[in-house]
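Asks: quick one, what's the 3D model for this:
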Amino acid sequence: MSDADPNARIAALARENRILRRRLERASDNRAQLELIKDKDRELLKTIYLEMVEQRALIDRVLTLSPVAIGWKDATGTYLGCNLAYASLLGASSPDEVVGRRDDTLVPPALAAILTRGDELPLAGLVCEAVEVLIPTPTGSIRTWLCSKVPLPSDGDSSPGVLAQYHDITAQKAAEAELLEAHEQLEATLSTLPDVLLELEGVGRILKLHIGEDSALWPTLKRGRGRELAGLLPPEAAASFFTAMRRADAQGSVQGRVFSLPDGKGGTQWFELSATSKGRREDRRYVVLVRDISSRVRAEEESRRMESELLHRQKLESLGVLAGGIAHDFNNILTTILGNANLALEETAPDTSVHTCLQGIELGSKRAAELCDQLLAYTGKGHFSVRSIDLSELVRETLTLFNLGISKKAQIALDLEHDLPTVIGDRSQLQQVILNLVVNASDALGESPGTIALRTRMTHLAQGRALSPTPLHRGDYLVLQVQDTGSGMSPETLDRIFDPFFTTKFTGRGLGLAATLGIVGRHLGGIEVASSPGQGTTFSVYLPAADTQHASPRPPESAAVGVHPLSGKVLLADDEDMVRRVTERMLRRMGLEVITASDGGEAVERFRQDPDGFSVVLLDLTMPRLGGVEALEIIQSLRPDIPSILSSGFSTAYTSERFHSLGISGFLHKPYTLEQVQTLLRRVLTLP
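Replies: The predicted model follows:
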């Protein structure tokens, strides 16, 4: 198509016009889109800006409220910013007073040196690890801060700055110091306590151990840390620990588990442990406290021994009261029998069968009286004549006189020391002690050959010793030992050997050792017995040693006297009718006038009627309504010079010691004979 064709030119222009119009329309749409995009961007930027403002405000609030002092500065040391805590650290009232200034313009040089110390590390791109620094406050106190510094990133090519943080740990350090002091005090306390404290694992391995060198467990556990109990303790002791740990698992804690260990000296040490569990089951730990209770155990054993000894003494006292009562009453009966036999013998011819029978009655009564004397010896109320005694010589004399009662198969071995101090006591009663012990040793041998060893020696007790029947005080004692090689005794038999009427012999009466105990107690001594089955028996008798100058001379023996007439008036008082009647017959047989009374009250009434008419009063010690002592005191108040005689089934020594102050003229021990009554009355009435 040529340029001269107008239609073609018009068509082409029309197409260009349409294209241009479409382009314009598209451009118009793009501008609208652009405006829309610009609006959206503006909203987004606004939102972002607002959020940034809020974040900045939040950061400012966090920095303001944070107890951690935070400050940042550039490479020249000029502060770019800080929070309120940091400003306060510098002594400023607000961060505005800090920004744009250096440390040396804010604080004294010494504090500035502290604040800038370590800045070189962040400036070199390194981190300054936390260190403790001491910073004075405006009030003059010193506080401890934990300081850390890191590099502060910068824009462009400039060097990094310093971001510093200071944590006030003053309270923490004070708490740590208190905790350390408490720990040191606890360690000091644990080191002084006799108890042992352990922390254990479940298998019994010792994690912690507190033990003093004076602890009884020190030799066993001193190197126990890290080791297991099973390798340190005997199986029984280790088992006690594990049992306590298992119970602590179930109950949380357990107390009072007891175990023992040999003390290396032949004895036993006793321990009590308490255990508490802590931690989870898979990581369970046990805190165990071990206490030495050996002293407590020994004290309890001593208390039980003393209690047993007290019960034994109470039993002996009760038996003594019973035996004494029996002997007293039996002596009253024997007084009647023996007195009537004496009177009948005086009235019969010696060559008659009746006279012989009466002699048998008299002999039997005296043998029965000897049996009563054994009972009274057990109670400590038997006959007692005090004198000085050579114990070794008494042993030889006794064996010479009474060796017929010893088994022919027994060999006697003597080890008697010479020049021993004397013993103050009753010769016949101590002789009875020796005889009883030797006969008892002979019986222990039975039909088997054996040895009976007798020893005497002197010993000094540095401290008291609890023996039967009398606890011994410290001092010098003579010891008589009687040892046999017989069958020995079981503990059950040993507990009862001194009981009256207890015997292991078919023909025994069970009074020999009972009387021995009473006699030794009467002499303020004690008996120690050692015996076990198959090992024989040893009796050790302790008697107080005394100088010979304290001994009393042996009284002369009374000569036999017949019935000779006496004169005078006698007041006789006894509550036993049979005793009163036979004694009255004895007195009348002697030619005396007799006024009788059945008790002390009646005796006083009879005496009041004629105080000057009586030559002597004879009163039984134990009577109803008014006893012999009380009656005698009233009678003596009426007439102080009246001769007086007391009578009792108990011994002369027992009563004379109690009533010596009464000034009695004599004492009649029941059962008494006609001859004894006449001899005493003749002496009291001062007749030739």
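Asks: low pLDDT regions in the stretch 101-250 of the chain?
Replies: For the stretch 101-250 of the chain, applying pLDDT under 70 flags the ranges 155-158, 190-191.
Asks: quick one: the strands in it, in order.
Replies: Shown for the stretch 101-250 of the chain, the strands assigned by DSSP state E, counting those that start in this stretch span residues 128-136, 142-152, 161-168, 196-201, 206-210.
Asks: right, and these - which one's nearest Leu414?
Replies: strand 196-201 (55.6 Å; CB to CB). Where C-beta positions appear, they are placed from N, C-alpha and C, glycine not excepted.
Asks: CA-only coordinates of the closest one in CSV, if you can.
Replies: Taking C-alpha atoms only, strand 196-201 is exported to CSV below (Å, rounded to 0.1, in the frame of the first residue of the first chain):
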residue,chain,number,x,y,z
VAL,A,196,28.7,-41.2,114.2
LEU,A,197,26.9,-39.7,111.2
LEU,A,198,26.9,-41.5,107.8
GLU,A,199,25.2,-40.9,104.5
LEU,A,200,24.8,-44.2,102.6
GLU,A,201,23.8,-45.4,99.2
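Asks: tell me the pLDDT of Arg554.
Replies: Predicted confidence (pLDDT) at Arg554: the value is 38.
Asks: and stretch 225-243, how far from the chain's centre?
Replies: Put simply, stretch 225-243 sits 27 Å off its chain's centre (CA atoms, centre = their mean, to the nearest Å).
Asks: er, stretch 176-195 I mean
Replies: Computed by CA atoms, centre = their mean, the separation of stretch 176-195 from the middle of its chain amounts to 29 Å.
Asks: in that stretch, what counts as buried?
Replies: Asp195 (16 or more other CB atoms under 10 Å).
Asks: same question, stretch 113-122
Replies: Of all the residues in stretch 113-122, those buried under the rule 16+ other CB under 10 Å are Ile114, Leu115, Thr116, Gly118, Asp119, Pro122.
Asks: how many residues are close by the spatially closest residue to the third one that is not a sequence neighbour?
Replies: Pointing back at Thr116 there. In space, and not counting its chain neighbours, Thr116 is closest to Asp103: 5.5 Å by CB to CB, 6 or more residues apart in numbering. Counted by other CB atoms under 10 Å, the residues lying close to Asp103 total 22.
Asks: OK, contacts around Asp103?
Replies: Gly77, Leu90, Leu111, Ala112, Leu115, Thr116 (CB atoms under 8 Å, 6 or more residues apart in numbering).
Asks: what do you get if the cut-off is 10 Å, keeping everything else the same?
Replies: By CB atoms under 10 Å, 6 or more residues apart in numbering, Asp103 lies in contact with 71, 73, 77-79, 90, 109, 111-116, 119.
Asks: among these, which ones are in helices?
Replies: With DSSP state H as the criterion, helices contain Pro109, Leu111, Ala112, Ala113, Ile114, Leu115, Thr116 from among those.
Asks: any figure for the gap between the nearest residue to the third one once chain neighbours are set aside and Lys222?
Replies: In other words, Ala112. For Ala112, ignoring the flanking residues on the chain, the nearest one in space by CB to CB, 6+ apart is Asp103 at 4.1 Å. According to CB to CB, to the nearest Å, Asp103 stands 57 Å off from Lys222.
Asks: same deal with Val354?
Replies: According to CB to CB, Val354 stands 93 Å off from Lys222.
Asks: ok, His473 next?
Replies: With distances taken as CB to CB, His473 is found 44 Å from Lys222.
Asks: can you check Gly525 too?
Replies: Taking CB to CB, one finds Gly525 at 50 Å from Lys222.
Asks: which one of the two has more residues nearby?
Replies: When Gly525 and Lys222 are compared for neighbours, Gly525 comes out ahead with 24 against 13, by other CB under 10 Å.
Asks: what is the closest residue to that one other than its chain neighbours paired to in the beta sheet?
Replies: In space, and not counting its chain neighbours, Gly525 is closest to Leu543: 4.3 Å by CB to CB, 6+ apart. Residues in a beta bridge with Leu543, per DSSP bridges, are Leu478.
Asks: test my guess that Leu543 contacts Leu467.
Replies: No. Counting by CB atoms under 10 Å, Leu467 is not a contact partner of Leu543; they are 11.5 Å apart.
Asks: those two: which is more packed in?
Replies: Leu543 (23 against 19).
Asks: now do the contacts for the more buried one.
Replies: 389, 391, 422-425, 430, 433, 456, 477-480, 520, 523-526.
Asks: what about it, distance to Ser295?
Replies: 34 Å.
Asks: and Ala603, by the same measure?
Replies: Per CB to CB, Ala603 is found 62 Å from Ser295.
Asks: quick one, which of those two is more surrounded?
Replies: Using other CB under 10 Å, the more surrounded residue of Ala603 and Ser295 is Ala603, with 28 against 9.
Asks: my read is the more buried one is in a helix, agree?
Replies: Yes. Remark: Ala603 belongs to a helix, assigned using DSSP: H, G, I helix; E, B strand; the rest coil.
Asks: contacts for stretch 174-188?
Replies: Residues outside stretch 174-188 that contact it (CB under 10 Å, 6+ apart): Thr144, Ile169, Leu197, His210.
Asks: could you find the closest non-adjacent residue to Ala344?
Replies: Leu358 (5.0 Å).
Asks: what number of residues lie near the one you found?
Replies: Other residues within reach of Leu358, judged by other CB under 10 Å, total 20.
Asks: count of residues packed around the closest residue to Ala92 other than its chain neighbours?
Replies: Nearest residue to Ala92 in three dimensions, chain neighbours excluded: Val98, at 5.3 Å (CB to CB, 6+ apart). Other residues lying near Val98 total 25 when counted by other CB under 10 Å.
Asks: repeat that for Thr516.
Replies: 26.
Asks: returning to what we had before: just the buried residues out of the contacts of Leu543, in PyMOL syntax.
Replies: The buried residues among the contacts of Leu543 can be selected in PyMOL (16+ other CB under 10 Å) with this line:
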select buried, resi 389+391+422+423+424+425+430+433+456+477+478+479+480+520+523+525+526
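Asks: tell me who's in contact with Ala85.
Replies: Residues in contact with Ala85 (CB under 10 Å, 6+ apart) are 63-71, 95, 165-168.
Asks: switch the cut-off to 7 Å
Replies: Ser66, Pro67, Val68, Ala69 (CB atoms under 7 Å, 6 or more residues apart in numbering).
Asks: same check, this time on Leu84
Replies: Residues in contact with Leu84 (CB under 7 Å, 6+ apart) are Thr64, Ser94, Pro95.
Asks: rewinding a little: would JSON lines of the strands of the stretch 101-250 of the chain with distance to Arg227 and mean neighbour count be doable?
Replies: JSON lines is the format used below for those (distance: least, CB to CB, whole Å; neighbours: other CB atoms under 10 Å):
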{"stretch": "strand 128-136", "distance to Arg227": "39", "mean neighbour count": "14"}
{"stretch": "strand 142-152", "distance to Arg227": "40", "mean neighbour count": "17"}
{"stretch": "strand 161-168", "distance to Arg227": "43", "mean neighbour count": "20"}
{"stretch": "strand 196-201", "distance to Arg227": "11", "mean neighbour count": "19"}
{"stretch": "strand 206-210", "distance to Arg227": "6", "mean neighbour count": "15"}
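Asks: measure stretch 121-133 end to end?
Replies: This stretch, stretch 121-133, spans 17 Å end to end (CA to CA, to the nearest Å).
Asks: and it, how far out from the chain's middle?
Replies: Taking mean C-alpha positions (CA atoms, centre = their mean), stretch 121-133 and its chain are 66 Å apart.
Asks: name the residues that touch that stretch?
Replies: 75, 114, 118, 144-152, 159-160, 162.
Asks: likewise for stretch 453-469?
Replies: Contacts of stretch 453-469 with the rest of the structure, by CB under 7 Å, 6+ apart, involve 309, 312-313, 316, 391-392, 395, 413-417, 420-421, 471-483, 498, 517, 521, 526-528, 542, 545.
Asks: mind checking which of these are buried?
Replies: Among the contacts of stretch 453-469, the ones that count as buried by 16+ other CB under 10 Å are 312-313, 316, 391-392, 395, 416, 420-421, 472, 477-483, 498, 517, 521, 526-527, 542, 545.
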